[in-house]
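Colleague: With the sequence up front, the predicted model follows.
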Amino acid sequence: QVQLVESGGGLVQTGGSLSLSCAASTHTFSNYDMGWFRQAPGREREFVAAITRFGRNTYSSDSVKGRFGISRNYNNKVYLQIDNLRPEDTAVYYCAARGGPDEDYGYSIAGEYSYWGQGTQVSVSS
């Protein structure tokens, strides 16, 4: 079992920045690929970014590329730096963990992740 707790959300104006963090309760954090997803009201959960175990590779969706950055450290935390926020970025942001075989695909698929946090709200005013 892995418990994930997100923090750092809030209300910002268009063009602002936020730094989200996710703390994982596991002794084998490096064995998990970590992802960030978001869900806006009335919409499906959407992939935002992922970082592979040991931080070898990062991936992000086209809608956030160049504005969002994902990173992780050895203290069981993964971060999502979000810059130049837009009203359409308003959503609940979820942290997720994927264990199992070290596979180089599927990072953008929510069903690939076994563990999820409760989410943190990001609201962007125009």
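Modeller: Arrived safely.
Colleague: all contacts plus neighbour counts: C-alpha atoms, from now on.
Modeller: OK.
Colleague: quick one: what helix or strand has the residue sitting nearest the centre point of the chain in it?
Modeller: Closest to where the C-alpha atoms of the chain average out (CA atoms, centre = their mean) is residue 36, at 1.8 Å. Element membership for residue 36 (DSSP states H and E) is strand 33-39.
Colleague: Tell me the helix or strand right after that strand.
Modeller: According to DSSP H and E, the helix or strand after strand 33-39 is strand 46-51.
Colleague: Run me through the strand neighbours of that next one, direction for each.
Modeller: Using DSSP bridges, the strands paired with strand 46-51 are strand 33-39 (antiparallel), strand 58-60 (antiparallel).
Colleague: Tell me which of those approaches residue 81 most closely.
Modeller: Proximity to residue 81 (CA to CA) singles out strand 33-39 among the strands paired with strand 46-51, at 10.9 Å.
Colleague: which outside residues touch that closest one?
Modeller: Here strand 33-39 makes contact (CA atoms under 8 Å, 6 or more residues apart in numbering) with 45-53, 78, 80, 91-99, 107-108, 110.
Colleague: looking at it, residue 69 is touching residue 78, isn't it?
Modeller: No - with contact defined as CA atoms under 8 Å, residue 69 and residue 78 do not form a contacting pair (10.6 Å).
Colleague: Name the residue in these two with the higher neighbour count.
Modeller: Taking other CA atoms under 10 Å, residue 69 and residue 78 do not tie; residue 78 has more neighbours (26 against 20).
Colleague: tell me the contacts of that one?
Modeller: Residue 78 is in contact with 21-23, 34, 70-72, counting by CA under 8 Å, 6+ apart.
Colleague: Filter the residues you listed down to just the ones in strands.
Modeller: 21-23, 34, 70-72 (DSSP state E).
Colleague: how about those residues in a markdown table, adding distance to residue 14?
Modeller: Below are those laid out as a markdown table (distance: CA to CA, whole Å):
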| residue | distance to residue 14 |
| --- | --- |
| 21 | 21 |
| 22 | 23 |
| 23 | 27 |
| 34 | 27 |
| 70 | 20 |
| 71 | 23 |
| 72 | 26 |
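Colleague: most neighbours, which of those?
Modeller: Counting by other CA under 10 Å, top hit in the ones in strands among the contacts of residue 78: residue 34 with 31 neighbours.
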